[in-house]
Every structure is written in structure tokens, then in C-alpha cells.
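[1] Okay, here's the prediction I keep looking at, along with the sequence it came from:
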Amino acid sequence: MRAVTRVMSRIALLQIDSVNVVRRAHYLPLFSRLGPYDVEFLHRAAGTAPRRFFEYWGHEASYLRVDLQPALRFRMAEAADVAWGSMRRVWAEQPDLVSSVLDEVATRGPLTAREIEHDAPRTKEHWGWNWSHVKIALEWLFYSGQVSAARRNSSFERVYDLPGRVLPRSVIDTPTPSPAEAHRTLVRAAAKAHGVGTGQCLRDYFRLKPKPTADAIAELVEAGELLPVAVEGWKRPAYLWHAASLPRRADACALLSPFDSLIFERGRTERLFDYRFRLEIYVPAPKRVYGYYVYSFLLGERIVARVDLKGDRHLGALLVQGAWAEPAAPTETPQRLWAQLESLAGWLGLGDVAVAPRGDLGPALKALADST
DNA sequence: CTATCACCCACATTCCACAG
DNA sequence: CTGTGGAATGTGGGTGATAG
């Protein structure tokens, strides 16, 4: 068994080969480790022929490389068993609605949910979201692969269309792999992205089920693609991607969105970075520890700070509503963070960065704000 | 014309109990 | 210990209609 230090694991992790996206991209960017140039590239790549990315359920709602589409068809085929309850119900109880919505997309698409005229009632289930039955039908069709997302509109709503008009011909023509082969493909992709990870990490990347993932891992170990390793301080066995490179150091400098693949598996984040992160957008305001939408600041190979950000278009400013240093923060943290905040504001088309001096980094950032 | 408002959409996490 | 299922949690923002 080869031993891997935690520092090596952190560095290996920084090589990302797929991009997880995307909510609320208009006021806060979730392509957080990509610069403006890369975001342009991603939009172009997702929106023009031949398309390089498509939207589907990966880890969660994600842009995925189109060549992974065949490996996700098993999930589409399982939709009747694994999709959320409201979707399964609309499929079982209102088949006519589902087929008329599909017809509408086929004849008039691409379309958003809003553009399909209807007086179907709305529901209020689960998360307090308030979907119309037409929207649920569309999401059912999306989950089961009968429609795809052509793009998002300016309100970030999904624009649905038939897969044949969204995906490249070569992808449509690719035969469907067996579920076992599909799992190997997805575990490979996860392993490349992680460098080093536990079975848990590899499974969570595409939200796979335990049994088929364990089988895929065993087969990839057998084939020499994954190497069993022990990571310093980790209780569970880990796997090293055979081709992972281990640079001597990492010079990252980036604001990570709460949904960034670097930190979306919270247990892994804690084991690698000694950094506890929890999403607080669904926490009632008085119970929040840090804030509604908190970015983590990656510097070098450590997470050294977190900031609660809000883009205020009306004021034309990026609001820093709080800033906190982590124990690993070096002295240059405020300056490096400030530069990233200015860059982010520029990318969002916001002229200013306004700092409220909340949190232990607040005063230092405020001083930098006042001096510019 | 601007301000306001209603409407619609956004689909994740975390804790906990319990079964195997 | 691992996995699973249930329960509980929110507000931001774009758009287009309407009021003033």
C-alpha cells in the first residue's frame, strides 16, 4: 500500500477535468475557478455546434462533457424509479399532460416552461418551490432524457428542446453502454478530477449508488487504473488515479462558489483542508453563522478565508457582507483576496466593491477598499 | 416615463432516526 | 459502520404588466 500525504492529495485535487455549474449565475458566478476568458469559452462551447457541453444531472444540475452523455443514459432509463416524487406522480397520473408537453416542445421548441400556455395548477411540495404541473412534466421529460436543455435564458430558466436538436449527431449515434461500463466511465472521470479520493468521493461526484460504484472501483483497481493507497489521517481506504500528476506545489488563487466541485463533498473538504463549510442559503437568517451565499477563498493549496458576497446591480457594487480568516491564512491574505474581489466585480459588470467590516478580515478589507 | 408589484423560476443540504 | 429515507429549511432576481 502506497502512502499519500494529505498535501499531495490536496495538490492532486486541483486538477479538474470537468466543470460543475450553475445556479444564480447572473448575480454570483459559479464558474468560480475559471477566469472571464474561460467562462466565455464555456458559454460558446455549450451553445454552438459542435456542442461540447450539455446540461444534465451529474453531481447535481451540471454542465457535462457531451461525450459523457451515453454513460448517463442508465440514469435516464431509471427515471421512473429514481426521479423525485412529484415527477413520478405527474408521469403516472397525467400521461396526457406529459405527452402534450412533449408534443409542444417537438413542434414549437426550444421553449421555457413559462412559454407553454396552460392553466394547470401549481403545487407546493418539498422545498416550498411552486412548480406548475407543466414545469414538473418538463422536468420529468428532462430527467428521463426525452428532452434536453438547449440553454438557459437571461432569467436563468431552462430552455427545453428535443435531444436530437441539442446533442451532436455523433453523441446521439453512440451506442448505449451497459450500466457496468457506464459506471466505470463515470468513476474514471471522477478519479481523474479528484486525483486521490475515497470510494465515497468517487461515488458522490456523479451521485452514484454504492453497489455499482464499488464494483466499478474493484474492476478499475484490477485493471491498474486505480491504485489503492492510504492517505495520512484518513480512516477509509483511498484510490489514486494511475495517471495523476503530483506537482511539488500549487499556486491557486480563486474564490470558490458554494457549489464548486473542489468543496461540494463536505466531508472530503474537511479531511483535505481542515475546513468546515456548510451551505446556509436554506438556513433561516437568524440562525446563519456566516451568511446567505459564502465564497471560500483558495490560496496556494489551502482555503484561507471565506466571504459572504452579494451582487447588487442597483448599486452597481459587489457587496462584501462579511469576511473571515481561517487559521491557515498567511499575512498577504487580505491583499490577495481584495484582488480577487475586484476581478470578480469587474467580471460581473459591477464598478465597485463595497465592504461591511463584519468578521475578522472585515477591517483589513475595508482599509483596502478605502485606499482605492 | 418610472416605480412598484405579481408572478415565476431557481431543485441543495443537513441532521437525525433506523435498518442491516 | 454504512446506507437510506424523512423532515425541515429561503430569498434573490428577471420579466412584464400595471399604477401613478
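    Received it, and whenever you're ready, just let me know what you need.

[2] Which residues are in contact with the closest residue to residue A:342 other than its chain neighbours?
    Closest residue to residue A:342 apart from its sequence neighbours, by C-beta to C-beta, 6 or more residues apart in numbering: residue A:353 at 5.9 Å. All C-beta spots, glycine's among them, are computed from the backbone N, C-alpha and C. Listed by C-beta atoms under 8 Å, 6 or more residues apart in numbering, the contact set of residue A:353 reads A:317-318, A:320, A:338, A:341-342, A:345, A:369.

[3] Got the confidence number for residue A:353?
    In this model, residue A:353 is scored at 88, pLDDT.

[4] Just checking the strand or helix carrying it against DNA strand C, any contact.
    Residue A:353 belongs to strand A:352-355 when assigned by DSSP states H and E. No: judged by C-beta under 7 Å from any atom of the strand, strand A:352-355 stays clear of DNA strand C, getting no closer than 13.4 Å.

[5] Show the secondary-structure elements that the following helix or strand past that strand is packed against.
    Next along the chain after strand A:352-355, taking DSSP H and E as the criterion, comes helix A:362-370. Counting contacts by 3 or more C-beta pairs under 8 Å, 6 or more residues apart in numbering; DSSP states H and E, helix A:362-370 packs against strand A:317-325, helix A:333-347, strand A:352-355.

[6] how about the strands in the stretch 101-250 of chain A?
    All strands of the stretch 101-250 of chain A, identified by DSSP state E, counting those that start in this stretch, fall at A:148-152, A:158-161, A:196-198, A:226-231, A:238-241.

[7] want to throw those into TSV with mean pLDDT and mean neighbour count?
    Formatted as TSV, the strands of the stretch 101-250 of chain A follow (pLDDT from 0 to 100; neighbours: other C-beta atoms under 10 Å):
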stretch	mean pLDDT	mean neighbour count
strand A:148-152	83	20
strand A:158-161	88	22
strand A:196-198	86	25
strand A:226-231	87	18
strand A:238-241	88	23
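
[8] quick one, which of these is nearest to DNA strand B?
    Among these, the nearest to DNA strand B by C-beta to the nearest atom of the strand is strand A:158-161 (4.1 Å).

[9] ok, residues contacting the closest one?
    Against strand A:158-161 from outside (C-beta under 8 Å, 6+ apart): A:55, A:105, A:109-113, A:138, A:141-142, A:147-153.

[10] Compare the contacts of residue A:353 and tell me which has the most neighbours.
    Highest neighbour count within the contacts of residue A:353: residue A:320, with 27 neighbours (other C-beta atoms under 10 Å).

[11] Test my guess that that residue contacts residue A:341.
    Yes: in this structure, residue A:320 is within contact of residue A:341 by C-beta atoms under 8 Å, at 6.4 Å.

[12] low-scoring stretches of the stretch 1-150 of chain A, by residue?
    The stretch 1-150 of chain A contains residues with pLDDT under 70 at A:1-49, A:117-130.

[13] try 90
    A:1-67, A:77-98, A:108-140, A:143, A:149-150 (pLDDT under 90).

[14] my read: residue A:293 touches residue A:307, true?
    No: using C-beta under 8 Å, residue A:293 is not in contact with residue A:307; the gap is 9.7 Å.
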